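J.: sequence plus predicted model, see below.
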Amino acid sequence: MRVLRGILRVIDNISEVTGRILALAMPVLVVVVMYEIISRSVFNSPTKWVNETSLFLFGGAALMAGAYTHRHRAHVVLDILVSRLSVRKRAIVDIINSGFFWFFCGFMLYWGWKFAAKAWKFHEMSWSYWGPPIYPIKTLLPIAAALILLQGLANLTRDIITAITGKKELTGVQDSMIGREEIVAQKDAV
């Protein structure tokens, strides 16, 4: 069990580090957009590259943040009924619902790989006036899918352990993050 927890910790750390690094893209995005606003408004000299650069930064960060979000179980969930269940029953529901996750991520990995491979094969460029290469950006699709699948495997493993033992498997998520169980405990305390 110690080896399994070590593997889960490594997967969690990959997701955590990836998410924290990607958070740095947001200030860069703000600076790029502000540069365009000042360039256009003050100097009457719009740029050719800011629109696509901002799309690449935001799109790449949004794609790659999936594993971080899944690690913290922060994706949008509809837990009106599930919130009243015990920890074990919630884990079982999460295991059953994970089938949708595996289908979606498998689809994203398969088609993202094909999409990226084709872009690399033809060294695909944007059709805009600036015309930057977009094959590196398209490569983020299969990478993001692989990372979220890896984190999904870690979450599924924890859910299986919780379903068997009835005790929530610890994830190491910081106390500042409030998960579903903590919210339910707070509601029950009131």
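T.: Nice, I can see it. Residues are numbered from 1 along each chain as shown.

J.: low-confidence ranges in the protein?
T.: The model of the chain has pLDDT under 70 over residues 170-190.

J.: center of the chain, which residue is that?
T.: Gly66 (0.8 Å; CA atoms, centre = their mean).

J.: count residues in the vicinity of Phe43, would you?
T.: For Phe43, the neighbour count with other CB atoms under 10 Å is 8. (Glycine included, C-beta is placed from N, CA and C.)

J.: what's the answer for the one 3 residues further on, then?
T.: Here the number of neighbours of Pro46 (other CB under 10 Å) works out to 12.

J.: tell me which element it is part of?
T.: For Pro46, there is no host helix or strand (DSSP states H and E).

J.: longest helix of the chain?
T.: For the chain, the helix with the greatest residue count under DSSP state H is helix 87-121.

J.: got the CA coordinates for the helix or strand just after that helix in PDB?
T.: Counting by DSSP H and E, the next helix or strand C-terminal to helix 87-121 is helix 135-138. Taking C-alpha atoms only, helix 135-138 is exported to PDB below (Å, rounded to 0.1, in the frame of the first residue of the first chain):
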ATOM      1  CA  TYR A 135       1.400  22.400 -34.600                       C
ATOM      2  CA  PRO A 136       3.100  23.000 -31.200                       C
ATOM      3  CA  ILE A 137      -0.200  24.300 -29.800                       C
ATOM      4  CA  LYS A 138      -2.200  21.300 -31.200                       C
END
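
J.: chain center to helix 135-138, what's the gap?
T.: Relative to its parent chain, helix 135-138 has a centroid offset of 18 Å by CA atoms, centre = their mean, to the nearest Å.
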